[in-house]
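> only geometry, no sequence info:
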């Protein structure tokens, strides 16, 4: 309650922009999991008010927005649109629909710039939005569950099982990683954040989607590294032992985990024996097909949205079974191979830059002695690494909602670790005296 009172007190005299930012950051994790289409609406509102704020700031303050980290981030976020444009320019015709998800990365840039100079209290309210969002999502899952078959559940408003699983899991882990973000948390706040983490884990397990589960031990180890400055190797060794034991116990006692992991073994065995029409087998087929298309069209790929249209030819050439070809109409099930196949080398460089450029900035700023910067950096590492792992088994950004969640959350965390503090009015320092507090 002490933390909440501090936030309420801080609202006195706070600008309308900061109040709106606080409200959006408080509610978007919950709405993401419970109200279809809400993420896009909130992103649009944030884009509008950020553009207005940037115009006002630029008009009244001579602040340099750009340094090498901002430029690298902006180029990375713009690269998906560029890759699609180059592929379309080569193949033709131009279709706006293929820019839907990619545009979210580009449009996150002005949001990043505005948040970079926002009152830090407005940004760190996210530490409450994350666990509350996870807990509300879990509540809705229990009240209005939707069965996708095989006792695999999401909320009734969910987009699909895979993306729901991944976003719920990420919200849970970000809740855990936000511990002691701005100051040492009150015990009740610690309980709230840990409950948010457990809620995210539970929702992911209930979906039965194994791709997200792969990220769990990796993100747990990152968490140990984040909060263990002394005897890191010893603590990592203990953590690995605990994680392995947890995986084994989950396999033994949780029916969903046991069944889904067993299917991996059986699917691989079937594939080796020559039967490819399984969940794992279809993915192997599509991975090989996507890589083959990339080798045949290495620079510009086969064109945005054309992987599905390539299925009949690949089926005729014997590269896919009918089952695999039917699955390929929906997606490649791998974000990197999807980019390689459809937009070629430029697509590969683009998707890698989306993952790796922010990750580099976060890794560098994780060395900071400032708790706010350090915790924000590890939250960013969690987000980048987590979505990289998610993308190994699904096209993570084929849904606008998922792309929007990633781009928006990334902009928030990047803004925190590379932030500018606005100077007092009528006391502007010279341009060379304005520095970031990031590293």
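Structure's in. What do you need? From a predicted model like this one, the values you see are computed outputs, not experimental measurements.

> Every contact and neighbour count from this point should use C-alpha atoms.
Will do.

> who touches the one helix or strand residue 53 maps to?
With secondary structure defined by DSSP states H and E, residue 53 is part of helix 38-60. Outside of helix 38-60, the residues that reach it under the criterion CA atoms under 8 Å, 6 or more residues apart in numbering are 17, 21, 24, 28, 31-32, 107-108, 110-111, 113-115, 400-401, 404-405, 408.

> Pull out the buried residues from it.
Residues of helix 38-60 classed as buried by neighbour count (16 or more other CA atoms under 10 Å): 38, 39, 40, 42, 43, 46, 47, 49, 50, 53, 54.

> ditto for stretch 359-366
Using 16+ other CA under 10 Å as the burial criterion, the residues of stretch 359-366 that qualify are 359, 361, 362, 365, 366.

> contacts for stretch 344-356?
Contact partners of stretch 344-356, identified using CA under 8 Å, 6+ apart, comprise 76-77, 79-80, 83-84, 87, 294, 297-302, 335-337, 339-340, 384-385, 387-388.

> For the buried residues of helix 38-60, which two are the farthest from each other?
Of all pairs drawn from these, the one with the longest distance (CA to CA) is 38 and 54, at 24.1 Å.

> Sketch out the low-pLDDT regions of the stretch 301-439 of the chain for me.
For the stretch 301-439 of the chain, applying pLDDT under 70 flags the ranges 420-439.

> top helix in the chain by residue count?
For the chain, the helix that runs over the most residues, judged by DSSP state H, is helix 335-365.

> Report the angle between the helix or strand that that helix is followed by and helix 335-365.
From helix 335-365 onward toward the C-terminus, using DSSP H and E, the following helix or strand is helix 371-390. Interaxial angle, helix 371-390 versus helix 335-365 (axes from the mean of the first three to the mean of the last three CA atoms, to 10 degrees): 160 degrees.

> and helix 371-390, how far out from the chain's middle?
Computed by CA atoms, centre = their mean, to the nearest Å, the separation of helix 371-390 from the middle of its chain amounts to 9 Å.

> got it, and stretch 123-131?
16 Å.

> per-residue confidence averaged over that stretch?
Stretch 123-131 shows an average pLDDT of 96 in the prediction.

> likewise stretch 160-172?
Confidence over stretch 160-172, taken as the mean pLDDT, stands at 94.

> quick one: buried residues of that stretch?
Buried positions in stretch 160-172, judged by neighbour count with 16+ other CA under 10 Å: 161, 162, 163, 164, 165, 166, 167, 168, 169, 170, 171, 172.

> cool, and stretch 235-255?
Of all the residues in stretch 235-255, those buried under the rule 16+ other CA under 10 Å are 235, 236, 239, 240, 243, 251.

> got it, and stretch 131-149?
For stretch 131-149, a neighbour-count test (16+ other CA under 10 Å) marks 131, 132, 133, 134, 135, 136, 137, 138, 140, 141, 145, 146 as buried.

> again with stretch 368-375
Of the residues in stretch 368-375, those scored as buried under the neighbour-count criterion (16+ other CA under 10 Å) are 368, 371, 372, 373, 374, 375.

> Quick one: residues contacting the closest residue to the fifth one other than its chain neighbours.
The shortest distance from residue 374 to any residue other than its chain neighbours is 4.7 Å, reached at residue 366 (CA to CA, 6 or more residues apart in numbering). When contacts are counted by CA under 8 Å, 6+ apart, residue 366 is found next to 373, 374, 375, 377, 378.

> Restricted to helices, list the contacts of helix 38-60.
With helices defined by DSSP H, the entries of these inside them are 17, 21, 24, 28, 31-32, 107-108, 110-111, 113-115, 400-401, 404-405, 408.

> in a helix, that's where residue 93 is, yeah?
No. With DSSP: H, G, I helix; E, B strand; the rest coil as the criterion, residue 93 is assigned coil and is not in a helix.

> Let me know the distance separating residue 369 from residue 96.
45 Å (CA to CA, to the nearest Å).

> now swap in residue 325 and tell me
Distance of residue 325 to residue 96, given as CA to CA: 26 Å.

> What of residue 197?
Computed as CA to CA, the residue 197 to residue 96 distance reads 38 Å.

> follow-up on the earlier one: now the helix holding residue 53: average pLDDT?
90.

> now do stretch 267-277
Regarding stretch 267-277, the rounded mean pLDDT is 90.

> Please renumber the chain so that the first residue is 14 from this point on.
Fine by me, first position is 14 from now on; the one you just mentioned is stretch 280-290.

> Next, the distance between the ends of it.
9 Å.

> Buried ones in that stretch, by neighbour count?
By neighbour count, with 16+ other CA under 10 Å as the criterion, the buried positions of stretch 280-290 are 280, 281, 283, 284, 289, 290.

> Farthest pair within these?
For the buried residues of stretch 280-290, the maximum inter-member distance is 10.7 Å, found between 281 and 290 (CA to CA).
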